[in-house]
Structure formats: structure tokens, C-alpha cells
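Engineer: Give the three-dimensional model of this entry:
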Amino acid sequence: MAILRGRNGDSGSDLLASEVASQIAAPEKYGGIVPEIASRNHLIYAPRLLGRAARSANMPLSEVDAFAATSGPGLASSLMIGASIAKGLAIGFGKPYLAIIHLEGHLLTTFF
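Structural biologist: Predicted structure coming up:
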């Protein structure tokens, strides 16, 4: 989870918060990622990460201008969890939802 603030008159943005929950250890005993376990962990950790990111950025979610999530390609069940959370927040706060191509998301994070 990350919270960014756009710069006025600039196409860039400032990273206000970035929170990560690693799932690297979970699939080791199975020899790889198990989609069901990965998506369940997304459900468990996403609300905590969202709260930590908002606190770290010192920004209430009501002040976020738009909510985004990766939309694919990737593990459909995990992507669905992130998209559902972001869409729910967008609807709840009356803000736009932005679907980001998963691989572009990985590539573009290096610029933050």
C-alpha cells in the first residue's frame, strides 16, 4: 500500500507512505505460490497496511484524491482482493478508481 501526493505543475509525485507485508515465507513449504493462500493473506494484511499507510502519511483516507489497484495480469484471486478494496474505498469516499496494469505497476514503482 502506498500513498502518493502529486506535485503542482509537475507530472511527478511524492511518496508519502509505503507499507509492505511480505509473503515470501508462506509459499516455501509448498514449493511455490498457492493462489488461495496468497489471496487469503491479502485479505488479512490489506486493512492493516492501509491503516499504517494512512497514519504514516498523516492523511485521512477521506483526503485521498483517487484509489488505485493493479488489475492484471497476475494471480486473479489476489488482484481481485486489491481491486475490490480500492473500488470500495473509491465508492465510499466518492473518488475515482484507477485500474493499473500489474506489470506496469512493478515497472513504474522504481520512479517513486
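Engineer: Distance across stretch 54-61, terminal residue to terminal residue?
Structural biologist: The first and final residues of stretch 54-61 sit 7 Å from each other (CA to CA, to the nearest Å).
Engineer: Tell me the secondary structure at the nearest residue to Gly105 once chain neighbours are set aside.
Structural biologist: With CB to CB, 6 or more residues apart in numbering as the criterion, Gly105 has its nearest non-adjacent residue at 4.7 Å, and that residue is Thr70. In this view, the C-beta of every residue, glycine as well, is placed from N, C-alpha and C. For Thr70, the assignment made with DSSP: H, G, I helix; E, B strand; the rest coil gives strand.
Engineer: Would you check how far apart Thr70 and Glu63 are?
Structural biologist: Distance, Thr70 to Glu63, by CB to CB, to the nearest Å: 23 Å.
Engineer: Over to Pro35?
Structural biologist: Pro35 is 34 Å from Glu63, by CB to CB.
Engineer: Quick check, Ser56 in contact with Ala2.
Structural biologist: No: Ser56 lies out of contact with Ala2 (CB atoms under 8 Å); the separation is 9.9 Å.
Engineer: Overlap in contacts, those two.
Structural biologist: Residues within reach of Ser56 and of Ala2 at once, by CB atoms under 8 Å, 6 or more residues apart in numbering, are Ala17, Glu19.
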